[in-house]
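[1] Turn this into a model:
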Amino acid sequence: MLTREQLISAILSINSTAAVEFLMNFDTIDLRRYFERLQLTREPRSGESVWVRPAGTCAFSAAA
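    Numbering: from 1, shown residues only. The predicted model follows:
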């Protein structure tokens, strides 16, 4: 299992536009979910590839 720092590094290797300061605001579980999602986006699309939003997570959020 990747540490928090390793997850942030892995995320930055895929999404270089993400700011470290921004990523530091998230807990390890959310970072892992985001990293897994980023990995899926790197795979070729096929009729079989499916991403399911984890239960209990919001479809979107807005800053107040």
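[2] so where's the chain uncertain?
    Within the chain, the stretches with pLDDT under 70 are 45, 47-51, 59-64.
[3] buried residues in the lengthiest helix in it?
    Ranked by number of residues, the top helix in the chain under DSSP state H is helix 28-41. Neighbour counts over helix 28-41 (16 or more other Cβ atoms under 10 Å) mark L31, R32, Y34, F35 as buried. C-betas here are computed from N, CA, C, even on glycine.
[4] Turn those residues into CSV, including distance to I8.
    What follows is the buried residues of helix 28-41, written out as CSV (distance: Cβ to Cβ, whole Å):
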residue, distance to I8
L31, 7
R32, 11
Y34, 10
F35, 9
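[5] Among these, list the two that are farthest apart in space.
    The distance between the two most remote of these (Cβ to Cβ) is 7.3 Å, for R32 and Y34.
[6] could you say what helices and strands the longest helix of the chain packs with?
    For helix 28-41, the helices and strands in contact under the criterion 3 or more Cβ pairs under 8 Å, 6 or more residues apart in numbering; DSSP states H and E are helix 4-14.
[7] Which residues does the helix or strand following the helix it packs on contact?
    Moving toward the C-terminus from helix 4-14, the next helix or strand (DSSP states H and E) is helix 20-23. Identification of contacts with helix 20-23 by Cβ atoms under 8 Å, 6 or more residues apart in numbering yields I8, I11, L12, L31.
[8] For the residue nearest to the first one when sequence neighbours are not counted, the count of nearby residues, please.
    Residue nearest to I8 in three dimensions, not counting chain neighbours: L23, with 5.0 Å by Cβ to Cβ, 6 or more residues apart in numbering. When neighbours are counted by other Cβ atoms under 10 Å, L23 registers 19.
[9] For L23, give its distance to R4.
    9 Å (Cβ to Cβ, to the nearest Å).
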